[in-house]
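S.K.: have a look at this fold, sequence not included:
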């Protein structure tokens, strides 16, 4: 697989989708489905269609797996993993913290990833063995090794059971860490750990499209991530990501 072709395609697709989101940010959104802890909006579907069209124009025989559907490859061959808007609720409420996430997985291994924040014009990207960058400049994780000096992100999942677990983790680390954050975008949480802005990210029951690009960006920046499949589902995980030196007694 030629990463010299894969990574530019991922970046071009993410930038194109991000530009479209930037134009409509702040406008009223069309809500297709409202749940207790989540929203599905038409803009998610429209953005994934834009990403899919862009990728398949370059690679028509590749598979697409995304938050808004798509036929994945089942872990075989080349598969693009898309989250058209990570932070949908933030966008819908006018909070300027969301991103486009594009990753490429080959035979089950994530080989390239891009996370693009269109409002800050920040593009995080990485390819297997090539390091991680933010707007073209190399990034690395922090060196903080003490919980009392750490800023940690804890994501809140969507079921009663996972919310309770997240509350347990939040209560535990609130007494120990310097600061905790719940910012509403798993992809950006991982990108921020990769860039040394935060030191760890924990979440229960997170979907693969939320974290796929962030996984390789974090690893290429020197961080670590443990992913535990939930109920044997290969696309849903308990995630624990950190800078590689911080000790996390609770996960």
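M.R.: All right, it came through fine. No experiment lies behind these values; they were computed from the predicted model shown. Residues are numbered from 1 along each chain as shown.
S.K.: residue 51 is in contact with residue 70, correct?
M.R.: No - counting by C-beta atoms under 8 Å, residue 51 is not a contact partner of residue 70; they are 9.9 Å apart. The way it works is simple: take the backbone N, C-alpha and C, and place the C-beta from them, glycine included.
S.K.: quick one: common contacting residues for those two?
M.R.: residue 82 (C-beta atoms under 8 Å, 6 or more residues apart in numbering).
S.K.: tell me, what's the model's pLDDT at the residue nearest the centre of the chain?
M.R.: Of all residues in the chain, the one closest to the mean position by C-alpha atoms, centre = their mean is residue 187, 2.2 Å from it. pLDDT for residue 187: 98.
S.K.: cool, and residue 36?
M.R.: 52.
S.K.: just residue 41 next, same as before
M.R.: The model's pLDDT for residue 41 equals 67.
S.K.: coming back round to it: residue 70 and residue 51 - which one has more neighbours?
M.R.: The neighbour count for residue 70 versus residue 51, taken as other C-beta atoms under 10 Å, is higher for residue 51 (26 against 17).
S.K.: wait, isn't the more buried one in contact with residue 15?
M.R.: No - in this structure, residue 51 is not within contact of residue 15 by C-beta under 8 Å, at 10.7 Å.
S.K.: for residue 157, give its distance to residue 168.
M.R.: Taking C-beta to C-beta, to the nearest Å as the criterion, residue 157 is separated from residue 168 by 12 Å.
S.K.: repeat for residue 20
M.R.: On the measure of C-beta to C-beta, residue 20 and residue 168 end up 39 Å apart.
S.K.: who's more crowded, the two?
M.R.: Comparing residue 20 with residue 168 by other C-beta under 10 Å, the one with more neighbours is residue 20, at 17 against 12.
S.K.: now the more buried one: phi and psi?
M.R.: phi -70, psi -40 (degrees, to the nearest 10).
S.K.: how about the contacts made by the closest residue to residue 244 other than its chain neighbours?
M.R.: Distances taken as C-beta to C-beta, 6 or more residues apart in numbering place residue 224 nearest to residue 244, at 4.6 Å, with adjacent residues excluded. Applying C-beta under 8 Å, 6+ apart to residue 224 gives the contacts 218, 241-244.
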